[in-house]
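Student: sequence plus the predicted model coming up.
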Amino acid sequence: SSLQITPVKKPVPKLKSAKHLAPQASALKVAVLGAGGGIGQPLGLLLKMSPLISDLHLYDIANVKGVAADLSHCNTPAHVADFTGPAELANCLKGVDVVVIPAGVPRKPGMTRDDLFNINANIVKTLVEAVADNCPEAFIHIISNPVNSTVPIAAEVLKQKGCYDPKRLFGVTTLDVVRANTFVAQNKKLRLIDVDVPVVGGHAGITILPLLSKTKPFVGFTDQEVEELTVRIQNAGTEVVEAKAGAGSATLSMAYAAARFVESSLRALDGDSEVYECAFVQSELTELPFFASRVKLGKSGVEAIISDDLQGLTEYEAKALEALKPELKDSIEKGIAFVQNQK
Ligand code: NAD
Ligand code: LMR
C-alpha cells in the first residue's frame, strides 16, 4: 500500500441494494499535534493524500488555521479541521483513532536530543494528558525528542490517568529505518524498494542500532562497511541539523517516515493482518523497559514484538547492543522521574 496522490475512484458495484451504491471508504480519524511546524506541515499534506483517512485534525498553539485552509483545497477525501490553542485541544482529540505528536523544539548544531528535554518534556506531558482525557483508546505516535525519554513520559502520564495501554504507545523510529534502507541501497546498489533493515534500541546517537546482518535481501558487508554505515545511520539526524545550520532538524524525511508509520497503523486498524514496523515501545526483549524493535501491528496496537532480529547477532552488533544499554536506560529513567517527581 502507498500514499496516493490522485483521489481514489472506486467503481460503484452494479448491485441494486442501496447499501452497495456508495463506495466503501475507510473512516479513520487522525490528529496531528504541532501541525503548524516543520514536520507538521508536510505530514499534514501526506496524510491529506491517504485514502484511509476520513478526518484530519490539525492542532497547534499558532499558525494552524492557514495550514488547514491551504490543505483543505486539495481534492482528496480527508476532511481537514483546525484547532488552535489549549481551549480547542479537547475537540481536536475527541473520536480520533491515531494521534501523532511532533510538537516541540528541534535541535540546532552542537545540541544533543537530550538538550531538548527541558522544553519538550512538558509539552509532551501536557498533550498526552489531553489525549488520556479525550481519546484514551487512540494509538499515540510520539515524534518529539528526546524520544528515548518522551515515550516513558507519555507512559507515566497515561498510568497516572489510569488508561495506559502499552500496546498503543509508540515512539516513532521509522526515520532510522528509512535512512538505513536508503544508505544500504545506495552503498550496495540495490533497488530501494527491496531493502529492509531493522533498526533497534532507541532514537539518539549510539542507541540507534541498525542490524545490518538482518538486512533483507541478504547482503554481505565488510567490517569497514558495517562501521561506516552504522555510524552514518546513527549520525544522520546530526547530518541534517548541520546542513540546515540553525534552521532546525529533519522535517521532510521525518514527515515521510511519520506518514509511513501512520499509514501502517491505519492499515492495521483497518484489518490488515500483515503489518510490521520498527518502533520504540514497552518491551521485554531486553532488561530495559522500553526498546525499539520490529513489532507486528494489529487492531489493538502492538500484537507481537518480533524477537528474531536479536537472535544470532554479529559480534559487532552484540557489542553495540550492550554499549547502548546504559545510555538508553538513563534516558528512560529520566523521563519516568520527570513525571513521578511532579506528583
Ligand atoms: P518546529 O519548531 O518546526 O515545529 C514544532 C511545532 O510544535 C511548532 O509549530 C510549535 O508551534 C508547536 N508546538 C510547540 N509547543 C506546542 C504545544 N504545547 N502544543 C502544540 N504544539 C506546540 O519543529 P519540527 O522540526 O517540526 O520538530 C518537532 C520535534 O520533532 C522536535 O522535537 C524534533 O527534535 C523532533 N523530531 C523527531 C524525529 C524522530 O525521528 N522522532 C525526527 C525529526 C524531528
Ligand atoms: C532526527 O533523527 O533527524 C531527529 O531525531 C531530529 C534530530 O534532532 O536529529
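Tutor: Structure's in. What do you need? Ligands and ions are numbered 1, 2, ... in the order given.
Student: switch to C-alpha atoms for all contacts and neighbour counts from now on
Tutor: OK.
Student: next secondary structure element downstream of the helix or strand Cys278 falls within?
Tutor: In this assignment (DSSP states H and E), Cys278 forms part of strand 275-282. For strand 275-282, the succeeding helix or strand toward the C-terminus, using DSSP H and E, is strand 290-298.
Student: stretch 120-127 close to ligand 1?
Tutor: Yes. Judged by Cα under 6 Å from any ligand atom, stretch 120-127 and ligand 1 are in contact via Ile123.
Student: contacts for that stretch?
Tutor: Counting by Cα atoms under 8 Å, 6 or more residues apart in numbering, stretch 120-127 makes contact with 33, 101, 103-105, 144-146, 149-150, 153-154, 157, 335, 338-339, all of which sit outside it.
Student: also near ligand 1: which of those, exactly?
Tutor: Intersecting those with the contacts of ligand 1 gives Leu33, Ala103, Gly104, Val105, Ser144, Asn145 (criterion: Cα under 6 Å from any ligand atom).
Student: what number of residues lie near the first one?
Tutor: The number of residues packed near Leu33 is 25, by other Cα atoms under 10 Å.
Student: for it, what are its contacts?
Tutor: Taking Cα under 8 Å, 6+ apart as the contact definition, Leu33 lies against Gly40, Leu58, Tyr59, Asp60, Val99, Val100, Ile101, Pro102, Ala103, Leu127.
Student: correct me, but the fifth one touches Ala35?
Tutor: No. Shown here, Val99 and Ala35 do not form a contact pair, counting by Cα atoms under 8 Å, at 11.2 Å.
Student: neighbour-wise, which of these two wins?
Tutor: Remark: of Val99 and Ala35, Ala35 carries more neighbours, 31 against 24, as counted by other Cα under 10 Å.
Student: assumed the more buried one was part of a strand.
Tutor: No. Secondary structure assignment places Ala35 outside any strand; it is coil (DSSP: H, G, I helix; E, B strand; the rest coil).
Student: so which of the ones next to ligand 1 among the contacts of stretch 120-127 wins on neighbours?
Tutor: Comparing those on neighbour count, Asn145 comes out first with 29 neighbours (neighbours: other Cα under 10 Å).
Student: so what's it closest to, chain neighbours aside?
Tutor: With Cα to Cα, 6 or more residues apart in numbering as the criterion, Asn145 has its nearest non-adjacent residue at 6.0 Å, and that residue is Arg113.
Student: number of residues surrounding the one you found?
Tutor: Residues lying near Arg113 (other Cα under 10 Å) number 21.
Student: quick one: contacts for Ala185?
Tutor: By Cα under 8 Å, 6+ apart, the contact list for Ala185 reads Arg191, Leu192, Val195.
Student: out of the residues you listed, who's near ligand 2?
Tutor: Checked against ligand 2 using Cα under 6 Å from any ligand atom, the contacts of Ala185 give no members in range.
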